[in-house]
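**Q** here are the coordinates; sequence isn't available:
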């Protein structure tokens with residue numbers, strides 16, 4: 001009987017340890033309002049609030065890790081964190097390397113930010129962040145593309161004349177246009193990508209399924225649409 005009690009206690013301890021496993025969420029921390037570092041040095045934004053709620057619903061303990069955008073997928077695959085939640089659009093090219101959850105926002109239109117509203121983008125120099133759907137779009141069009149490691153650098157390139165316009169998510173560029181009188185959003189927009197989802201290693205199907213269920217529960221009860229509207233990151237479902 002004593003052995004049975006001890007065995008039961010050991011099993012309970014192991015179960016507790018498993019449930020207490022910490023899941024690491026990787027984000028960029030440089031793409032406001034999706035994700036950014038606040039004045040306290042903490043990850044903040046739409047995806048911080050979303051990720052914390054998803055972890056709560058999935059009954060997981062989560063911590064946040066920041067990583068440069070251009071190596072965010074390789075470092076997921078290498079095991080430096082367990083999931084990507086960083087405004088990453090679902091594309092066929094990325095799905096060759098990682099798996100995605102169901103999308104937690106619909107596709108956000110890509111917009112052009114420039115110094116002149118009359119700019120012809122097809123004959124212009126377009127800046128985009130490296131390894132983004134916008135950079136791939138410009139390259140596929142055969143237009144003149146200049147790539148930068150961070151989104152801030154793409155906007156700086158327009159300000160200093162290195163580029164004529166930057167192509168990025170409208171939700172990222174619109175606040176910049178509102179804040180700086182010399183920069184304007186062009187009327188032309190592009191529909192790129194299949195919405196934004198969380199990225200996982202292809203071997204982590206059980207973990208992906210937990211977040212899929214949590215995302216769906218937020219869609220079903222309306223809290224995801226409310227969060228999207230609060231942060232103004234995309235249209236609602």
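**A** Everything's here; your move. Only a predicted model underlies this, so the values are computations on that prediction, with no experimental measurement involved.
**Q** Next, give phi and psi for residue 144.
**A** phi -80, psi 120 (degrees, to the nearest 10).
**Q** what sits against the residue at minimal distance from the centre of the chain?
**A** Nearest to the mean C-alpha position of the chain, counting by CA atoms, centre = their mean, stands residue 87 at 1.7 Å. When contacts are counted by CB atoms under 8 Å, 6 or more residues apart in numbering, residue 87 touches 28, 31, 34-35, 47, 169, 196, 233. All C-beta spots, glycine's among them, are computed from the backbone N, C-alpha and C.
**Q** Selecting buried members of the residues you listed in ChimeraX, what would you type?
**A** Here is the ChimeraX selection string for the buried members of these, based on 16 or more other CB atoms under 10 Å:
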select :28,31,34,35,47,169,196,233
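**Q** Which of the contacts of residue 87 fall within strands?
**A** Secondary structure from DSSP state E places 31, 35, 169 of the contacts of residue 87 in strands.
**Q** Residue 202 and residue 114, how far apart?
**A** Distance of residue 202 to residue 114, given as CB to CB, to the nearest Å: 39 Å.
**Q** higher neighbour count, these two?
**A** Taking neighbours as other CB atoms under 10 Å, residue 202 and residue 114 compare with residue 114 leading, 23 against 12.
**Q** Which stretches in the chain count as strands?
**A** Using DSSP E, strands in the chain cover 22-27, 30-31, 35-37, 43-44, 61-66, 83-84, 99-100, 110-114, 125-129, 144-148, 165-169, 184-190, 199-200.
**Q** For the last one, give me every contacting residue.
**A** With CB under 8 Å, 6+ apart as the contact definition, strand 199-200 has outside contacts at 73, 76, 82-85, 88, 94, 98-101, 207-208, 211.
**Q** just the third one next, same as before
**A** Taking contacts as CB under 8 Å, 6+ apart, the residues outside strand 35-37 that touch it are 27-30, 43-48, 66, 85-87.
**Q** partners of that strand in the sheet?
**A** The strands that strand 35-37 pairs with in its sheet are strand 30-31 (antiparallel), strand 43-44 (antiparallel) (by DSSP bridges).
**Q** And the ones you listed: which comes nearest residue 128?
**A** In terms of CB to CB, the element of the strands paired with strand 35-37 nearest to residue 128 is strand 30-31, at 13.2 Å.
**Q** tell me the average confidence for the closest one?
**A** Strand 30-31 comes out with an average pLDDT of 96.
**Q** quick one: contacts for residue 233?
**A** So residue 233 contacts 33-34, 46, 87, 105, 108, 171 (CB under 8 Å, 6+ apart).
**Q** now do 6 Å
**A** 34, 46, 171 (CB atoms under 6 Å, 6 or more residues apart in numbering).
**Q** What segments of this protein are helices?
**A** For the chain, applying DSSP state H gives helices covering 2-19, 46-57, 72-77, 92-95, 133-141, 151-159, 170-179, 205-221, 223-231.
**Q** Quick check: which of the ones you listed is nearest to residue 189?
**A** The nearest among these, by CB to CB, is helix 170-179 at 6.7 Å.
**Q** gap between that closest one and the chain center?
**A** Computed by CA atoms, centre = their mean, to the nearest Å, the chain-centroid distance of helix 170-179 equals 17 Å.
**Q** Next, the angle from it to strand 110-114.
**A** Relative orientation of helix 170-179 and strand 110-114, computed by axes from the mean of the first three to the mean of the last three CA atoms, to 10 degrees: 30 degrees.
**Q** Perfect, that will be all.
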